[in-house]
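>>> Structure for this input, please:
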Amino acid sequence: MSRSARPAEDVAEETARLAGLVALGAGVAVAAVGAAVIGGFVAAVARAVVTPDRKRTERVPIHAVDPVRRTVTLERTADTELDGRYSLWFGGGTGHMRVGEVLGTTDTSVTRRILAIDAGDPTAARRGRWGGWFYLTPGELDVPVEDVDVPTPNGPAPAWVVRADDPDAPWAVLVHGRGVTRAETIRALPVFRAAGYSVLLASWRNDGVAPPSPDGRYGLGSTEWQDIDAALGWVAGEGASSVVLMGWSMGGAVVLQTLVRSRYADLVDGVVLESPVVDWHAVLKSQSRVLGLPRSVRKVAQRLLRTPVLHRLTGLRAPVDLRELDMVARADELAVPILILHSDDDGFVPSSASHDLARARPDLVRFEVQHTARHTKLWNHDADWFDDRILAWLTEVVQRHDATSAR
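Predicted structure coming up:
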């Protein structure tokens, strides 16, 4: 299987569900059941795009675990064969280990060093779930952590806060992606701490931690930004006068919508985007090709999402117009420095829109390209590369922008 055809684990369930729908659509076409059923297939595709999936299947075969030598042998995939540090869940999500260096490979398997077993007995596991999260709580980094609740439109959303020693330090608000939780963002905590920032690690609606929205559906950034607006309001209440937003994957779309919609946007002096969704059209086009969806199905599904009344077929309370979320088309509305970290071998969110945004706003955007890391796993693949680029950008660009704005 080619690398470009391997979706990231944080959307694997929805991809698999769509694949099933493709098979259903093919059967419908062969049987010529009728336009009504085909219409239902299109509605199901649109619904899958905006519906959170709580089931996280363990898909990676575990061939062997050696607790004495502390090694695990897995099926070789585009994700499991890459150098770096990663997480492996097993036992229905109750078990968790952290794995490191690649010790050996065959055509079908890869053996890696076990760095730690946090929960469960991996010797009984037959399958696991590969992940980019490495830390499960900020406390693992031996930092002072506060549990706070951010008042959002749907109710109090839990957040972790790690304060800098300087009470007047700038703030960073970290925004996780689709199908994961705030634990995803802990990987960036050390670099922001090193740069002297206080950090808020936010949760947002429908992530299984924050209160759900009334419809229980993703807005793909068009609604979630309100929770990050609330997070900005919270740090403003703590005295913040300068904030950097960082978002992963769909969290990047949320951050970009926050920039152009938030009442606190003037507080933001910079944005970091990791494997971001800059334009949903590019993501859906890429995944439609992987799944073999006809272009017409994708187009009609996108129209269904944005059409009043018809949008209710997806369970959405309000329409979602992907054209409004295209930040390449809206690049002239951006006004703060942006650092984009993206891999050309992402595997789920193509880097094309990130390249396009960098070309559209070379005055604001610094684009740092990886070539082998997978979706939202740039830190995992090369933590020094990740940290060095963020720290340099914070020092060279954001602090200069902040000083210029203060004059």
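>>> how about residue 356, secondary structure?
Following DSSP: H, G, I helix; E, B strand; the rest coil, the label given to residue 356 is helix.
>>> Next: residue 167.
Applying three-state DSSP to residue 167 yields a three-state assignment of coil.
>>> what about the closest residue to it other than its chain neighbours, neighbour count?
Sequence neighbours aside, residue 239 is the residue nearest to residue 167 in space, at 7.4 Å (criterion: CB to CB, 6 or more residues apart in numbering). Any C-beta I mention is one placed from the backbone N, CA and C, and that applies to glycine too. Residue 239 has 11 neighbours, counted by other CB atoms under 10 Å.
>>> so where does residue 239 fall, helix or strand?
Assessed by DSSP states H and E, residue 239 sits outside every helix and strand.
>>> can you check residue 231 too?
With DSSP H and E as the test, residue 231 turns up in helix 225-237.
>>> quick check: domain ranges of this protein?
Per automatic domain parsing, the structural domains of the chain span 60-131, 138-279+322-406.
>>> Make sure residue 211 is actually in contact with residue 158.
No. Counting by CB atoms under 8 Å, residue 211 stays clear of residue 158, with 9.5 Å between them.
>>> shared neighbours of those two, anything?
Contact criterion CB atoms under 8 Å, 6 or more residues apart in numbering; no residue bridges residue 211 and residue 158 by contacting each.
>>> OK, contacts around the residue positioned nearest the centre of the chain?
Centrality entry for the chain: nearest residue to the mean C-alpha point is residue 177, 2.7 Å, by CA atoms, centre = their mean. With contact taken as CB under 8 Å, 6+ apart, residue 177 is in contact with 10, 184, 247, 248, 249, 250, 251, 252, 275, 376.
>>> run the last query once more with 6 Å
Counting by CB atoms under 6 Å, 6 or more residues apart in numbering, residue 177 touches 248, 249, 250, 251.
>>> cool, residue 141 as well?
Here residue 141 is in contact with no residue (CB under 6 Å, 6+ apart).
>>> one more time with 7 Å
Neighbouring residues of residue 141 by CB atoms under 7 Å, 6 or more residues apart in numbering: 135, 189, 190.
>>> One more: residue 204?
157, 210, 224, 227, 228, 254.
>>> Using the three-state scheme, assign it.
Residue 204 - assigned by three-state DSSP - is coil.
>>> Next: residue 100.
Strictly by three-state DSSP, residue 100 counts as strand.
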